[in-house]
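Novice: here is a sequence with its predicted model. Questions after.
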Amino acid sequence: MAELGFIKIQSGQAGPLSHALIMNPYLVIKKMHEAGQPGLANEKYRALEDRAVEIGATDLDDDYLDDDEDAAVASPAPAVEPSAKKKPFRKRPS
């Protein structure tokens, strides 16, 4: 999977396969198709495009990342709103 570009692996404390980033398979296959990857039949790629249209996926559109280039590298939203104030912890009387 890593050799084909579907995942990126990184070493860490648990060894050489500590971290894995799963890439968008539509974009990986699109890149392979555009590069003329041997073994990727044109009719199979067309079937993937047809299926993407059926399910409403826009990943194969030429302007997929142009609409919101920052979305590909955006930071995740905070789990708690930054403006939310925490109440101080108080022990209940025994």
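Specialist: Okay, I see it. Note that the coordinates shown come from a computational prediction; the quantities given were computed from them, not determined experimentally.
Novice: tell me the secondary structure for residue 19?
Specialist: Classification of residue 19 using DSSP: H, G, I helix; E, B strand; the rest coil returns strand.
Novice: identify the bridge partners of it.
Specialist: For residue 19, the beta-bridge partners under DSSP bridges are residue 10.
Novice: and the pLDDT at it?
Specialist: Confidence at residue 19, expressed as pLDDT, is 91.
Novice: just to check, it is in contact with residue 7?
Specialist: No - using Cβ atoms under 8 Å, residue 19 is not in contact with residue 7; the gap is 10.0 Å. No exception for glycine: its C-beta is placed from N, CA and C like everyone else's.
Novice: which of these two has more neighbours?
Specialist: Taking other Cβ atoms under 10 Å, residue 19 and residue 7 do not tie; residue 7 has more neighbours (15 against 12).
Novice: which residues touch that one?
Specialist: Neighbouring residues of residue 7 by Cβ atoms under 8 Å, 6 or more residues apart in numbering: 1, 20-23.
Novice: neighbours of residue 59, just the number please.
Specialist: Burial of residue 59, expressed as a neighbour count using other Cβ under 10 Å, amounts to 13.
Novice: repeat for the one 5 residues further on
Specialist: Number of residues near residue 64 (other Cβ under 10 Å) recorded here: 18.
Novice: same deal with residue 11?
Specialist: So residue 11, with other Cβ under 10 Å, has 10 neighbours.
Novice: and if you look at the one 3 residues further on?
Specialist: Residues contacting residue 14 under the criterion other Cβ under 10 Å number 8.
Novice: please renumber the chain so that the first residue is 27 from this point on.
Specialist: Right, with 27 as the first residue, what we last looked at is residue 40.
Novice: quick one: average confidence on the helix or strand hosting residue 52?
Specialist: Assigned by DSSP states H and E, residue 52 belongs to helix 51-60. What helix 51-60 shows for mean pLDDT is 91.
Novice: show me what it is packed against.
Specialist: When contacts are defined as 3 or more Cβ pairs under 8 Å, 6 or more residues apart in numbering; DSSP states H and E, helix 51-60 sits against helix 68-81.
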